[in-house]
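**Student:** Attaching a predicted model along with its sequence, questions to come.
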Amino acid sequence: MRIPYAVKGFFFGPAVIAVLILLKGLCPASLGQSCLSDYFAKPIFLPLIFVYKIFGDSAVILSQDFIFVIGYWAILGFFLGFIFDLYTHRSLYLPAQRPPL
């Protein structure tokens, strides 16, 4: 059974964020140096910066900002996977893609 790309996309965004946080935690660089995961910190938190600009510091969502960032990337991955599911061409020769008799 094939897992839809929408479900894969839903879990891909938070998994990438978890891997980057793990890489940041395991980074052997000292305080003055940077790691590979430092370059991804700004793009990951761009949705949160947008919320701060629009709603200011009084937004209710800001108390759970990390959950908001994880949810944003999960929803974005779901929609990208769903679009990919809609526009991929099905093969007539694969048994998993044939309609049941």
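**Tutor:** Received, thanks. Numbers count the residues shown, from 1 in each chain.

**Student:** can we go C-alpha only for contacts and neighbour counts from here?
**Tutor:** Fine.

**Student:** Residue 43 and residue 73, how far apart?
**Tutor:** 11 Å (C-alpha to C-alpha, to the nearest Å).

**Student:** give me the element the residue nearest in space to the middle of the chain is part of.
**Tutor:** The geometric centre of the chain, computed from its C-alpha atoms, lies nearest to residue 13 (C-alpha atoms, centre = their mean), at 1.8 Å. Element membership for residue 13 (DSSP states H and E) is helix 5-25.

**Student:** Pull out the buried positions in the next helix or strand after that helix.
**Tutor:** For helix 5-25, the succeeding helix or strand toward the C-terminus, using DSSP H and E, is helix 41-44. By 16 or more other C-alpha atoms under 10 Å, the buried positions in helix 41-44 come out as residue 44.

**Student:** Residues in contact with helix 41-44: which ones?
**Tutor:** Outside helix 41-44, the residues within contact range by C-alpha atoms under 8 Å, 6 or more residues apart in numbering are 17, 69.

**Student:** Dump the C-alpha coordinates for it into PDB.
**Tutor:** Extracted in PDB, the C-alpha atoms of helix 41-44 (Å, rounded to 0.1, in the frame of the first residue of the first chain):
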ATOM      1  CA  ALA A  41      17.400  28.900  11.500                       C
ATOM      2  CA  LYS A  42      16.100  32.100   9.800                       C
ATOM      3  CA  PRO A  43      14.100  30.300   7.000                       C
ATOM      4  CA  ILE A  44      12.600  27.900   9.600                       C
END
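
**Student:** Tell me the spacing between residue 67 and residue 87.
**Tutor:** From residue 67 over to residue 87 (counting by C-alpha to C-alpha), the distance is 30 Å.

**Student:** Enumerate every residue touching the closest residue in space to residue 38 that isn't next to it in sequence.
**Tutor:** In space, and not counting its chain neighbours, residue 38 is closest to residue 24: 7.4 Å by C-alpha to C-alpha, 6 or more residues apart in numbering. Shown in contact with residue 24 (C-alpha under 8 Å, 6+ apart): 35, 37, 38.

**Student:** check contacts around residue 9.
**Tutor:** Applying C-alpha under 8 Å, 6+ apart to residue 9 gives the contacts 74, 76, 77, 78, 79, 80, 81.

**Student:** Much appreciated, bye for now.
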